[in-house]
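A.B. asks: Any chance you can model this:
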Amino acid sequence: MDVGGKANEGGEPFVTLERAVLVFLLIGFVLWLIFGVLGYEKGHPQLTDSWAIGTVRLVEISVVPEDRDALACASDSAFGSLRCRYHADETTIDPANERDVIQPMNTVKNELLLGAGLWSDLESSLPEKGHRFTVACNFHVEVVTRSASLRWAPHGTFAPLVLTAAAGHLTDCVIPK
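C.D. replies: Here you go, the predicted model:
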């Protein structure tokens, strides 16, 4: 008997396209449920999905000394001990510890991170103003967030994060020779 398609030589019907599509949809739905239950997106930033909370990544960042005042974020949320320099309404926050103030930065591979502590580590070894330099640091991924707005110029406008990004402390920063 031929139910759902032509029979092959052994008399068994071929798998129809409808059944194959149904199986693929079912597999996709099961994977969606599994990732939803496990909370994958909460521990892995969308912008750097191979970085997970609790990991330490060696990053290289290219900056100029003026970035200390130019790079900023705004948010009313605290991320553990980490904080932005500004509230969401762009009023200044006076942090308890400067080493906990996060700033947006891009690695030399153009990966966005919100890092704190870079300037504290480099206080005594900063090059002259206007000179771009690369710094290598250990980045401790502590939180994943999308609830911040970023500024890339001293008097620029804040733009909200569209995708989630990793935030954490930068430690053991050195300027390679």
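
A.B. asks: could you list every residue that touches the closest residue to residue 90 other than its chain neighbours?
C.D. replies: By the measure of C-beta to C-beta, 6 or more residues apart in numbering, the closest residue to residue 90 outside its immediate chain neighbours is residue 74, 5.6 Å from it. Every residue, glycine included, has its C-beta placed from N, CA and C. The contact partners of residue 74, taken as C-beta atoms under 8 Å, 6 or more residues apart in numbering, are 84-90, 148-149, 151, 158.

A.B. asks: Select from the residues you listed the one having the most neighbours.
C.D. replies: residue 84 (30 neighbours; other C-beta atoms under 10 Å).

A.B. asks: Excluding sequence neighbours, find me the nearest residue to that residue.
C.D. replies: Residue 84 sits nearest to residue 73 (C-beta to C-beta, 6+ apart), 4.0 Å away.

A.B. asks: any idea how far the one you found is from residue 168?
C.D. replies: 13 Å (C-beta to C-beta, to the nearest Å).

A.B. asks: any common contacting residues for those two?
C.D. replies: By C-beta under 8 Å, 6+ apart, the residues touching both residue 73 and residue 168 are residue 114.

A.B. asks: quick one: contacts of stretch 125-137?
C.D. replies: Under C-beta under 8 Å, 6+ apart, the answer for stretch 125-137 is 58-66, 108, 115, 118, 121-122, 170-176.

A.B. asks: isn't there a strand covering the residue nearest to residue 84?
C.D. replies: Yes. Counting by DSSP: H, G, I helix; E, B strand; the rest coil, residue 73 is found in a strand.

A.B. asks: What is the neighbour count of it?
C.D. replies: 23.

A.B. asks: Make sure it is actually in contact with residue 104.
C.D. replies: Yes. Using C-beta atoms under 8 Å, residue 73 makes contact with residue 104 at a distance of 5.8 Å.

A.B. asks: Which neighbours do those two have in common?
C.D. replies: Common neighbours of residue 73 and residue 104 (C-beta under 8 Å, 6+ apart) are 114, 150-151.

A.B. asks: Since that was my last question, I'll sign off now.
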